[in-house]
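For reference, the sequence and a predicted model appear below.
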Protein chains: 2
Amino acid sequence: MKELTVGIDIGGTNTKFGIVDREGNVIHQGNIKTADHEEFQDFFDAMALSLRESFTSLTTDYFIAGIGIGAANGNYYTGNIEHATNLRWKGVLPLSKMFADEFHVPCILTNDANAAAVGEMIYGNAKDMKDFVVVTLGTGLGSGFVCGGVLLNGHHGIAGELGHTSVNPTGRYCNCGKRGCLETYVSATGIKRTVYKLLADYLEPSELRGISFEDLNTKMITEAAHRGDIVAKEAFEYTGRILGMKLAETVVHTDPEAIFLFGGLSQADELIFKPTIRHMEANLMPLFRGKVKILHSALQNQAAPILGASSLVWDHLERKKNRATV
Amino acid sequence: MKELTVGIDIGGTNTKFGIVDREGNVIHQGNIKTADHEEFQDFFDAMALSLRESFTSLTTDYFIAGIGIGAANGNYYTGNIEHATNLRWKGVLPLSKMFADEFHVPCILTNDANAAAVGEMIYGNAKDMKDFVVVTLGTGLGSGFVCGGVLLNGHHGIAGELGHTSVNPTGRYCNCGKRGCLETYVSATGIKRTVYKLLADYLEPSELRGISFEDLNTKMITEAAHRGDIVAKEAFEYTGRILGMKLAETVVHTDPEAIFLFGGLSQADELIFKPTIRHMEANLMPLFRGKVKILHSALQNQAAPILGASSLVWDHLERKKNRATV
């Protein structure tokens, strides 16, 4: 009987789920519209129904070992989604308990960046690492820390909010209510803001002058930079400088073996990696220089959030096994 | 038979050691001059001799469970002191192995701030905590992190160098080779530098104008502030502002329950605690506000470094026991 896990990634618009084996093959995948359900209970019922239908579609002899869920504001300790700003249901949502009651399997919830970190450890480039950081570069900047082989949750279950470290206390306005947070500079939105700042500062011609803020995206900036556009190139340099400076601060906190970059912005490859590495090294305490690698995440495809979520279950089971056999 | 541990604190000038019981009572204490020994082997032999003499002086029936050592640049993984700038012996010193070979007991080495963190957990105010930070304010600024009940060592064994996070990349020169590191502002030396900066900036009279940089110390600044000296008071405000801002960054990394302040500067009580707490809260991501306590270390006496070092052994033994019984 094949052991399988379920990975669920709850986003504001779509909730994606998949059934995943130990090697990270997604053998069934589905999707429901998060925002279509006015009541949280309706969303849960639709999700449970879709999952049961998926199970019946499986042709192999299987056993579901558990359900892993990644969601913004997911708290590992409580199993609740707490006051998520990207969902229409407010307050505290006891998701872990509801899934566990429904399917009678272990159910592990954490935030999406933490799920990405565990995913990297179980299926990705951090398989042999015990101390590393995953930085997810999407609309915002998320991060997950693994220290000594264990996901760092912190006392309140909210560790790893690198996106809200400070670049400039009087800088750009952030959704969190502060100003100058890292994610206002280093994210898909951050680099757009930087392009607009540079278009304001510079006199140089740029193909980006013809694109509205709403239409602009990371791919356009990347392609313009590859064509030699001076504003686009400078936007990557500016973004990498800030990311490198702040990663130097993270390194002296937890002393990781590597930092993985994940998400759209990281796919600009050398454009973002080169300035990030250069400025991280320049800003590092000499004791740490040359010691910490900046690497690509291995989980860059569409199924990455599902893999991340499903990996929480394998991690949970391995931890349980280790406790039992030592 | 009473179970005892040895705690050794190796400083550049003095090496203090003590024999300590499980409750943190130092039942014998000794001292040898670190800097008097030209060769490292001579220092080790003198240390081993002093320890043996201490053991014979004990009147109770005892059993030495292990030796814990705190030292700048002490590496937990290797058991070596590596390229310490405060010692006259250069290179890599395999201290842990030498003590273990000599006394046939477990020997645990780490840096002094990490030892302070474990000491706080075993004997101090963090007895019931699993996620906290200890910040040691001495000549420099050291820090030790406990995450999930375990000392954070990092991949290279050098985690927790908060003293070398950046306040201002073009700021004060630091011993580490960088500029503007936190410890150049927040430490016994840092606040002296701040007093001198303020004496340069301000026109106001101050009792500190009559004291040379070499003669000035934290106690004088504290007493002047209590007497209402405007420069001394402003120096604490300035120091607390910078410490608070940087601790806000640390909080979003590891999400601790509390941050303990240890050492001379922390004994200025409200003068340093008030601005630190105010500026930490003001700079925190809203999600974390009101959640993290700034507290006094319970280990403020002369024996604190010995207690910290000895606690490494109790921690090691408990971890071993837990592994065996789960």
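Looks like it arrived, so ask away.

Wasn't residue A:66 part of a strand?
Yes. Under DSSP: H, G, I helix; E, B strand; the rest coil, residue A:66 sits within a strand.

Give me the distance between it and residue A:313.
Shown here: residue A:66 relative to residue A:313, a distance of 4 Å by Cβ to Cβ, to the nearest Å. No exception for glycine: its C-beta is placed from N, CA and C like everyone else's.

again, but for residue A:235
Going from residue A:235 to residue A:313 by Cβ to Cβ gives 39 Å.

on that earlier part again, shared neighbours of residue A:66 and residue A:313, anything?
Any residue near both residue A:66 and residue A:313 by Cβ atoms under 8 Å, 6 or more residues apart in numbering or on different chains counts here, and that gives A:5, A:6, A:106, A:108.

what does stretch A:266-284 rub up against?
By Cβ under 8 Å, 6+ apart, the surrounding residues in contact with stretch A:266-284 are A:137, A:218, A:221-222, A:225-226, A:233, A:236-237, A:239-245, A:247-249, A:251-252, A:261, A:265, A:289-290, A:292, A:294, A:296-297, A:300, B:166, B:169, B:178.

Now intersect the residues you listed with the helices, please.
Counting by DSSP state H, the part of those found in helices is A:218, A:221-222, A:225-226, A:233, A:236-237, A:239-245, A:247-249, A:251-252.

Now which of these would you call buried?
When the ones in helices among the contacts of stretch A:266-284 are checked for burial by 16 or more other Cβ atoms under 10 Å in any protein chain shown, the buried set is A:218, A:221-222, A:225, A:233, A:236-237, A:239-245, A:247-249, A:251-252.

Among those, which ones lie close to chain B?
Filtering those for proximity to chain B by Cβ under 8 Å from any Cβ of the partner chain leaves A:245, A:248, A:249, A:252.

Redo the residues you listed as TSV? Include pLDDT and distance to residue B:160.
Compiled in TSV, those are given as follows (pLDDT from 0 to 100; distance: Cβ to Cβ, whole Å):
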residue	pLDDT	distance to residue B:160
A:245	98	20
A:248	98	15
A:249	98	13
A:252	97	8
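
Can you report how many residues neighbour the residue of the stretch 201-326 of chain A found nearest chain B?
The shortest separation between the stretch 201-326 of chain A and chain B is 2.3 Å, found at residue A:255 (distances taken as Cβ to the nearest Cβ). Residue A:255 is surrounded by 24 other residues when neighbours are defined as other Cβ atoms under 10 Å in any protein chain shown.

now swap in the one 10 residues further on and tell me
By other Cβ under 10 Å, the residues close to residue A:265 number 26.

Now residue A:184. Nearest residue, chain neighbours left out?
If the residues on either side of it in the chain are set aside, residue A:184 comes closest to residue A:172, at 3.8 Å by Cβ to Cβ, 6 or more residues apart in numbering or on different chains.

Name the SS class of the spatially most central residue of chain A, please.
Centroid-nearest residue in chain A: residue A:113, 3.3 Å away (criterion: Cα atoms, centre = their mean). For residue A:113, the secondary-structure state derived from three-state DSSP is helix.

could you measure it against residue B:274, distance?
In this view, residue A:113 and residue B:274 are 34 Å apart by Cβ to Cβ.

Over to residue A:158?
The value you get for residue A:158 to residue B:274, if Cβ to Cβ is used, is 26 Å.

ok, the two, which is more surrounded?
Between residue A:158 and residue B:274, counted using other Cβ under 10 Å, the more crowded position is residue A:158 (22 against 15).

if we can go back for a sec, keep only those of the shared contacts of residue A:66 and residue A:313 that are in strands.
A:5, A:6, A:108 (DSSP state E).

wouldn't the first one be in contact with residue A:69 here?
I take that to be residue A:5. No. Because the distance of 11.1 Å does not satisfy Cβ atoms under 8 Å, residue A:5 is recorded as not touching residue A:69.

what are the ranges of the helices in the stretch 1-150 of chain A?
Using DSSP state H, counting those that start in this stretch, the helices of the stretch 1-150 of chain A run over A:40-57, A:95-103, A:112-122.

residue contacts, residue A:224?
By Cβ under 8 Å, 6+ apart, residue A:224 lies in contact with A:206, A:207, A:208, A:231, A:232.

Nice, that's everything, thank you.
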